[in-house]
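**Q** Dropping the sequence and predicted coords here.
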Amino acid sequence: MDSLLPLAVAIPLLGAAGISALNPLFGNRRRVLDAVAILTAAGVTGLLVAIMLSTAGGQRVYWFAGFTPSHGVALGIDFAVDQLNSGLAALTATLVTAALVFSWRYFERVSTYYHALMLVFLAGMVGFCLTGDIFNLFVFFELMGVAAYALTAYRPEERGPIQGALNFAITNSVGAYLSLSGIGLIYGRTGALNMAQIGQAITGHRPDGLVVVAFVLILMGLLTKASIVPFHFWLADAHAVAPTPVCVLFSGVMVELGLYGIARVYWSMFGAGLGHHGAIAAVLLALGTVTAIVGALFCFRQRHLKRLLAFSTINHAGLFLIGIALLTPLGLTGAAVYVIGHGLIKAALFLCVGIVLHRLGSVNETTLHGRGRRLPVTGAVFGLAALALADLPPFALYLGAGWIGQSGDARELPWITAVIMTTSVLVGAAVLRVAGGVFYGIGDPPSEDPQMAEEASEETSETDEAKSRTPLSMIVPPIALVALALTVGLLPHLGELVQDGAVRFQDQAAYNATVLAGAHIAHPTPLLGPEDTSVTTTDVVTGVGTAVASLVLALMALYWRRLPVLRRGFEPGTGLVGPIRRFQSGVVNDYVTWMVVGLACIGGALAFAIH
Amino acid sequence: MTPSQRRWVFLVAGGGFLAFYLWGLIGLPGFGHYPGPYGDIINAIAVTQTHATGVVSAVNFEYRAFDTLGEEFILFIAATGVATVLRHLRQERDTSAVDEARNRDVPATSDAVAVVTLAFIGPTVVVGWYLASHAQTSPSGGFQGGIVLATAFVLVYLAGQFIVFKRLSPVALADAIEAIGAGSFAAVGIAALALGAAYLTNILPLGSTPGAVNSAGTIALISFFVGIEVAAAFILIIGELLEQTLIVREGTGR
């Protein structure tokens, strides 16, 4: 079983190289390449699911080239696989498979470059999840980054994709360099790159400037990838221009990998050594809350469907970060389940937008109003997914939201539930407004600001001309993903299983012993007592309430101009046009400046608290 | 933000960052005080364990070979990305490389430049192969050797022979060689799995004398594959960029 672990990365890499090498032979038989890519991704998915199931009894550690550590010193690189990171890797592979199946009929002309890029992207993301070595984490961070930049610029005929890809590449590279300098600092202190070994070396000493600075710098690349405010500006630009199957991966997993990285770096390296849990939790909670609110407000105002979904992802990234920042097993459990549900549902939503683009040739909500009635199946899937995004039970998302809220209540932070509910209502309403307006022609088309209209019309069809029917290969993946989100939400004992994984994830001593000494720890020690994960009536009522409130708000938005009381020219969200244009300027210089501002603020806050 | 606003915001925030960063830097050990343990242990055991006297190569291609595999594929996918962005598009047409500033005299490449660069091609190829195939004995290896090999092709272009350069390095061939180099590295790892060892374990005989060319097992093999991958990737990137500058023009041609 253990020898299968490296294959999860090696197979997609070999697949990508094989497709490129065989290009001269099969270049004009595109279906062969499509099939090889899909089979590779599907095989990796199966492999990762098997690996995930095998981690239930404890962590699995795999040492490359056979260099097991001696006397607590790691000479080589390891994969340290537990329930949470193998589950995230399995989600990644599932979404890559769905995106590749969707691409079967989506692109008219597709070169082998697309398949190679997608498979290397998959390998990078899986490696990022599984590795136990901080420099190896950086290598995979860069590998998935480079593949993602190229995929963003996949349609270089237009200026938009090149600009979006450049903004993406520059901001994420700046983040990566900051992370690398942080890795350099901590290596200078400990002489180690293995996360467990670094953690062991800095535990028990009072944290000094070097440790704090290294922690903050390493976080920079991860916060950028996770699109946490003020590091988030690249995300909407990249989503607006990347091909839709690629957006599925950006929103569905890549952003979440940044958050996973934060959790991994904290609990496997810095947690015990840094101490000061209160200060770290406060900083991360503040970042998460601001991100959730900014994402929700900007999302509600968007008319460009891909940008709208992108801002919804920013909102959810903030909520996930809140779950992690609580530093409790239940908070992490909630975040993990939320990530799974959101990944599946957001992927389905993007695929539906891809079908709209394929059939109707536009992603502008205003011009599409009512035109989606020709797509009843897509409309039904989109509507259902929109309700799921608004935390409707029994899709998995309401569980995640409920557990994060519960854990917040237990730590006497009841406002967390309020943040989750209000921002979820805003995001759910925005997506439901699209569902009702575009697919069912309810209400009036939203009025729009001319500049927003210009933005929304810059998206041209990724396929050649509007098609008269939706191919099966395009509608089956979103249906399957929505069904999977439903299944996950109905799994018995889901909470207990994931919380087991979360407890293991947070037990740094057990992680160190397993990685460095090969110990088998059947029962890790919970950092804080595990909490009750049974699904209560409150969870269900909260979820249903959020969904209903979203629906009401969406209907209000659609019928705004016919509402008797509030007819005096006021539009919901009008005040946001200015800020959106001012901050989301598209100028990468601004974005990097905001990143430095964010870095200075986070660094200052932690320096003040820990010094 | 206007540029001047941005400048002020950046200067203030950058100042804060600098102070914070300096706070971290003062915690580093002083110059010449290596705290260990990694380098000390590797220096003590690498030569006997791997039979490679180039210990940096031993780290790159054996102890941390999995990192190098990732880095290798970063280069592979970067070259693929360049090819993706610069691939021939519908609205572009090829023209011969005509000088667009017609009122200036462009001197032909002088014979001196052509002769000297052509004379350097042979030695460059030899040095490139030498570096790529001697990772185990010296501070060289596939990355360095591959770059030098790619330089040999650029010399052809410098000698004024762009068309020859293109003929020597067609995109499809460079693409395929690049993929074979990168894929072979990944496959060497799989071979170890097939023999029941861990991924990327050094499964070949190490040779009797450390420092001999035929020593160090897969270190030499991996370095060789990295060499051809790096050479092909750089030829591909340089070729695509030159082609974009010299031949491809926007237009409505079909």
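**A** Received it, and whenever you're ready, just let me know what you need.
**Q** for the record, mean pLDDT for whichever helix in chain B runs longest?
**A** For chain B, the helix that runs over the most residues, judged by DSSP state H, is helix B:218-246. For helix B:218-246, the mean per-residue pLDDT is 86.
**Q** and that helix, what other elements does it pack with?
**A** On a contact count with 3 or more Cβ pairs under 8 Å, 6 or more residues apart in numbering or on different chains; DSSP states H and E, helix B:218-246 meets helix B:55-58, helix B:65-85, helix B:111-133, helix B:142-158, helix B:162-168, helix B:171-194. To be clear about C-beta, it is placed using only N, CA and C from the backbone, and glycine gets the same treatment.
**Q** Got phi/psi on residue 31?
**A** Chain wasn't specified; assuming chain A. phi -60, psi -30 (degrees, to the nearest 10).
**Q** meant chain B, my bad for not saying
**A** phi -60, psi 130.
**Q** can you list the helices and strands packed on helix B:218-246 in a markdown table and add mean neighbour count and distance to A:Val9?
**A** Converted to a markdown table, those look like this (neighbours: other Cβ atoms under 10 Å in any protein chain shown; distance: least, Cβ to Cβ, whole Å):
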| stretch | mean neighbour count | distance to A:Val9 |
| --- | --- | --- |
| helix B:55-58 | 21 | 22 |
| helix B:65-85 | 25 | 8 |
| helix B:111-133 | 16 | 25 |
| helix B:142-158 | 22 | 20 |
| helix B:162-168 | 15 | 34 |
| helix B:171-194 | 21 | 9 |
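**Q** May I see the buried residues of the longest helix of chain B?
**A** For helix B:218-246, a neighbour-count test (16 or more other Cβ atoms under 10 Å in any protein chain shown) marks B:218-240, B:242-243, B:246 as buried.
**Q** now stretch A:257-277
**A** By neighbour count on 16+ other Cβ under 10 Å, the buried set for stretch A:257-277 is A:257-274.
**Q** Among those residues, which are located in helices?
**A** A:257-265, A:271-274.
**Q** Contacts for stretch A:533-549, please.
**A** With contacts defined as Cβ atoms under 8 Å, 6 or more residues apart in numbering or on different chains, stretch A:533-549 is touched by A:330, A:333, A:387, A:390-393, A:397-399, A:401-403, A:405-406, A:417, A:421, A:424-425, A:428-429, A:494-496, A:498-499.
**Q** buried subset of these?
**A** The neighbour count (16+ other Cβ under 10 Å) marks A:330, A:333, A:387, A:390-393, A:397-399, A:401-403, A:405-406, A:417, A:421, A:424-425, A:428-429, A:494-495, A:498-499 as buried among those.
**Q** sorry, back to before: just the ones in helices among the buried residues of stretch A:257-277 that are near chain B?
**A** Residues of those in contact with chain B (Cβ under 8 Å from any Cβ of the partner chain): none.
**Q** Turn those into TSV, including distance to A:His369.
**A** Formatted as TSV, these follow (distance: Cβ to Cβ, whole Å):
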residue	distance to A:His369
A:Leu257	36
A:Gly258	35
A:Leu259	35
A:Tyr260	38
A:Gly261	40
A:Ile262	40
A:Ala263	41
A:Arg264	44
A:Val265	45
A:Gly271	50
A:Ala272	55
A:Gly273	56
A:Leu274	52
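**Q** So, low pLDDT: which residues of chain A?
**A** By pLDDT under 70, the weakly predicted segments of chain A are A:1, A:27-28, A:108-110, A:156-159, A:446-467, A:564-577.
**Q** Kindly apply the preceding question to chain B instead.
**A** In chain B, residues with pLDDT under 70: B:88-107, B:161-163, B:168-169, B:246-254.
**Q** go with 80
**A** Where chain B drops to pLDDT under 80, the residues are B:1, B:36, B:87-110, B:159-172, B:205-215, B:242-254.
**Q** What sits closest to residue 43 if chain neighbours are left out?
**A** You didn't pick a chain, so chain A it is. A:Ile11 (6.5 Å; Cβ to Cβ, 6 or more residues apart in numbering or on different chains).
**Q** my question was about chain B
**A** With sequence-adjacent residues excluded and distances taken as Cβ to Cβ, 6+ apart, B:Asn43 is closest to B:Val55, at 6.6 Å.
**Q** The one you found: what's it in contact with?
**A** By Cβ under 8 Å, 6+ apart, the neighbours of B:Val55 are B:42-43, B:46-47.
**Q** and which of these is nearest to B:Ile203?
**A** Nearest to B:Ile203, judged by Cβ to Cβ, of the contacts of B:Val55 is B:Ala46 at 17.7 Å.
**Q** That closest one is in what secondary structure piece?
**A** helix B:38-50 (DSSP states H and E).
**Q** which ones are touching B:Ala152?
**A** B:Ala152 neighbours (Cβ under 8 Å, 6+ apart): B:121, B:124-125, B:128.
**Q** Report the separation between it and chain A.
**A** 23 Å (Cβ to the nearest Cβ, to the nearest Å).
**Q** Skip the chain neighbours and tell me the closest residue to that residue.
**A** That would be B:Thr124: by Cβ to Cβ, 6+ apart, it lies 4.2 Å from B:Ala152.
**Q** Please tell me I have it right and the one you found contacts B:Thr151.
**A** Yes. The pair B:Thr124 / B:Thr151 is scored as a contact, 5.7 Å apart, by Cβ atoms under 8 Å.
**Q** so what's residue 178 closest to, chain neighbours aside?
**A** I went with chain A, as the question did not name one. A:Met220 (3.8 Å).
**Q** that's the other chain; I wanted chain B
**A** In space, B:Glu178 is closest to B:Ala232, 3.8 Å off (Cβ to Cβ, 6+ apart).
**Q** Please apply the same query to A:Ala429.
**A** A:Leu553 (3.6 Å).
**Q** burial measure for the one you found, as a count.
**A** Neighbourhood size, A:Leu553 [other Cβ atoms under 10 Å in any protein chain shown]: 20.
**Q** What residues sit buried inside the helix or strand it falls within?
**A** Assigned by DSSP H and E, A:Leu553 belongs to helix A:537-558. Buried residues in helix A:537-558, counting neighbours by 16+ other Cβ under 10 Å, are found at A:539, A:542-543, A:546-547, A:549-551, A:553-555, A:557-558.
**Q** re the thing from before, ranking the contacts of B:Val55 by neighbours, who comes first?
**A** That'd be B:Ala46 among the contacts of B:Val55, by other Cβ under 10 Å, with 22 neighbours.
**Q** Contacts only, for it.
**A** B:52, B:55, B:58-59, B:63.
**Q** swap in A:Ile340?
**A** A:87, A:91, A:396, A:400, A:485, A:488.
**Q** quick one: secondary structure of the second one?
**A** This points to A:Leu91. Using DSSP: H, G, I helix; E, B strand; the rest coil, the structure places A:Leu91 in helix.
**Q** got the end-to-end distance for stretch A:435-443?
**A** 12 Å (Cα to Cα, to the nearest Å).
**Q** And stretch A:241-259, by the same measure?
**A** 23 Å.
**Q** Pull the distance from that stretch to the chain's centre.
**A** 7 Å (Cα atoms, centre = their mean, to the nearest Å).
**Q** can you pull the buried residues of that stretch?
**A** A:241-259.
**Q** Pretty sure B:Val59 sits against B:Asn43.
**A** No. Using Cβ under 8 Å, B:Val59 makes no contact with B:Asn43, being 10.4 Å away.
**Q** between the helices and strands packed on helix B:218-246, which gets nearest to A:Val229?
**A** Among the helices and strands packed on helix B:218-246, helix B:65-85 comes nearest to A:Val229, with 28.4 Å by Cβ to Cβ.
**Q** by contact count, what packs against the closest one?
**A** helix A:7-21, helix A:112-130, helix A:134-152, helix B:171-194, helix B:218-246.
**Q** again, only this time at 6 Å
**A** Contact analysis of helix B:65-85 by 3 or more Cβ pairs under 6 Å, 6 or more residues apart in numbering or on different chains; DSSP states H and E lists helix A:112-130, helix A:134-152, helix B:171-194, helix B:218-246 as its packing neighbours.
**Q** Select, out of those helices, the one closest to A:Pro69.
**A** Among the helices and strands packed on helix B:65-85, helix A:134-152 sits nearest to A:Pro69 (Cβ to Cβ), with 14.7 Å.
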